[in-house]
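Engineer: With the sequence up front, the predicted model follows.
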Amino acid sequence: MLHGVSAIALSPKPSGTILVRVVLEFFGIESIAVMENAGPNEIPENANEHCPGPQSENAGKDDSCQGCPNQEICATAPKGPDPDLVPIAERMATVKHKILVLSGKGGVGKSTFSAQLSFALAAKDHQVGLLDIDICGPSIPKMLGLEGQDIHQSNLGWSPVYVESNLGVMSIGFMLPDPDEAVIWRGPRKNGLIKQFLKEVYWGELDFLVVDAPPGTSDEHISIVQCLQETGIDGAIIVTTPQQVSLIDVRKEVNFCKKVGIKVLGVVENMSGLRLPLADVKFLNLSETGEDRDVTEWALQCIKEKAPELLNLITHSEVFDSSGGGAMKMCQDMGIPFLGKVPLDPQLCKAAEEGRSCFDDQKCTVSAGALKTIIEKLFPGRATENGV
């Protein structure tokens, strides 16, 4: 039985590994709060005079704490070092590089990027793990073609679900008895499960652990940073779309990384214009009443007869307003690396829906090249086999 969960429908496997369908329980781990501009052992800048310190036994209880904005946090926060950090460090000792993939908003293609980055690194013969800590919206199992899979347990711990022998995945999506079931959890349960993943999952020797985080800067982000920081986080990749509505929250994400001491490896501008071959475009004739009529067959026939060379062209249309300079301008202003643009490619969307790599065939012609360029910027000189 997995620690911290109830197991049902156990079925022994010939190898001795047990296939487990699990139902999650409350983990009972205290939530973690971040006080303004302070590490776990530092006195916050907004603290009262004569603050005893957040790790003091009198924290939140001393007379000097009265009226302090941090009083409740200090009074209820666990004191002393987190005992879970030792087993987490032992698990992470076999992982060479840890990469966080973040976004300010949801729906910008962060998980698609995490999945394709993992596919690409595995195709270079690296040992890769992909950890999905988006507890309430786990989409990684679908994007890796692993829906309906279960977690295995051995004497070494929880085993990841493998796409290939060198690409393993762990997600709460494998642990839900019903994929449509909503996960309605507060911070302590989320933090508890993330710790379980870090303590219990046996990755073996990994070159890269890619962590797909939920959007924003919430409990999951604080938890993963505090748990992994002592073991060394290489940095964070931030995914955004070009418009200001998205970039506003990306700036918050960048400032979060700076406050917690995580290096920003760079920003990816995703959905940077819709691109597709002219031959794949659908042509419509709009009437005065707003009704549309499909004239694609007629239009393509005209092009074939009068200008067939046009059928070899790629069309480009700006979907989002990037008149403010997009992610590139933001990166220049904030002094962080800009990794590049990935166009909105219907074939890349289809690859994500089907749970496959966009590098496996020639269908994702307009996006695969952009992704390869970005990955080469991140990891120069480490490629390139199997077309990546």
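Structural biologist: That came in fine, so what should we check first? Residues are numbered from 1 along each chain as shown.
Engineer: what about the strands in the stretch 1-150 of the chain?
Structural biologist: Along the stretch 1-150 of the chain, the stretches classed as strands by DSSP state E, counting those that start in this stretch are 5-12, 18-24, 95-103, 128-132.
Engineer: angle of the shortest one against strand 95-103?
Structural biologist: Between strand 128-132 and strand 95-103, the angle comes out at 40 degrees (axes from the mean of the first three to the mean of the last three CA atoms, to 10 degrees).
Engineer: distance between strand 128-132 and the chain's centre?
Structural biologist: Averaged C-alpha coordinates place strand 128-132 at 9 Å from its chain's average position (CA atoms, centre = their mean, to the nearest Å).
Engineer: ditto for the longest one
Structural biologist: Its chain's average C-alpha position is 9 Å from that of strand 95-103, according to CA atoms, centre = their mean.
Engineer: Tell me the buried residues in that strand?
Structural biologist: Val95, His97, Lys98, Ile99, Leu100, Val101, Leu102, Ser103 (16 or more other CB atoms under 10 Å). For every residue, glycine as well, the C-beta is placed using N, CA and C.
Engineer: top strand in this structure by residue count?
Structural biologist: strand 264-277 (DSSP state E).
Engineer: Give the partner strands of it in its sheet and their orientations.
Structural biologist: strand 235-240 (parallel), strand 314-317 (antiparallel), strand 338-344 (parallel) (DSSP bridges).
Engineer: now the helix or strand following that strand: how far from the chain's centre is it?
Structural biologist: As assigned by DSSP states H and E, the chain's next helix or strand after strand 264-277 is strand 284-286. Remark: strand 284-286 is offset 39 Å from the chain centroid, using CA atoms, centre = their mean.
Engineer: how about the helices in the chain?
Structural biologist: In the chain, the helices defined using DSSP state H lie at 71-76, 85-92, 110-123, 140-143, 187-200, 219-228, 244-260, 296-306, 326-334, 346-354, 365-378.
Engineer: Dump the ones you listed to JSON lines, plus mean pLDDT, mean neighbour count and distance to Glu318.
Structural biologist: Putting those into JSON lines (pLDDT from 0 to 100; neighbours: other CB atoms under 10 Å; distance: least, CB to CB, whole Å) gives the following:
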{"stretch": "helix 71-76", "mean pLDDT": "77", "mean neighbour count": "16", "distance to Glu318": "45"}
{"stretch": "helix 85-92", "mean pLDDT": "94", "mean neighbour count": "16", "distance to Glu318": "42"}
{"stretch": "helix 110-123", "mean pLDDT": "97", "mean neighbour count": "26", "distance to Glu318": "20"}
{"stretch": "helix 140-143", "mean pLDDT": "96", "mean neighbour count": "23", "distance to Glu318": "26"}
{"stretch": "helix 187-200", "mean pLDDT": "92", "mean neighbour count": "22", "distance to Glu318": "37"}
{"stretch": "helix 219-228", "mean pLDDT": "92", "mean neighbour count": "22", "distance to Glu318": "31"}
{"stretch": "helix 244-260", "mean pLDDT": "95", "mean neighbour count": "18", "distance to Glu318": "14"}
{"stretch": "helix 296-306", "mean pLDDT": "95", "mean neighbour count": "12", "distance to Glu318": "22"}
{"stretch": "helix 326-334", "mean pLDDT": "96", "mean neighbour count": "18", "distance to Glu318": "10"}
{"stretch": "helix 346-354", "mean pLDDT": "95", "mean neighbour count": "17", "distance to Glu318": "16"}
{"stretch": "helix 365-378", "mean pLDDT": "94", "mean neighbour count": "20", "distance to Glu318": "15"}
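Engineer: And these: which comes nearest Trp158?
Structural biologist: Between Trp158 and those, the shortest gap by CB to CB is with helix 187-200, which sits at 4.7 Å.
Engineer: Now Ser272: closest residue in space, sequence neighbours ignored.
Structural biologist: Excluding the flanking residues, the one nearest Ser272 by CB to CB, 6 or more residues apart in numbering is Lys341, at 3.7 Å.
Engineer: and the one you found, how many residues sit next to it?
Structural biologist: 19 (other CB atoms under 10 Å).
Engineer: Kindly report the same for Ser139.
Structural biologist: As a burial measure, Ser139 scores 18 neighbours (other CB under 10 Å).
Engineer: what's the answer for the one 5 residues further on, then?
Structural biologist: Leu144 sits with 28 neighbouring residues when counted by other CB under 10 Å.
Engineer: same check, this time on the one 4 residues further on
Structural biologist: Using other CB under 10 Å, Gly148 has 9 other residues around it.
Engineer: got TSV for the buried residues of strand 95-103, with pLDDT too?
Structural biologist: Putting the buried residues of strand 95-103 into TSV (pLDDT from 0 to 100) gives the following:
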residue	pLDDT
Val95	97
His97	97
Lys98	97
Ile99	97
Leu100	98
Val101	98
Leu102	97
Ser103	96
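Engineer: From Lys363, how far off is the residue nearest to Thr296 when sequence neighbours are not counted?
Structural biologist: When the adjacent residues along the chain are set aside, Thr296 lies closest to Phe283, with 4.6 Å between them (CB to CB, 6+ apart). Phe283 is 22 Å from Lys363, where distance means CB to CB, to the nearest Å.
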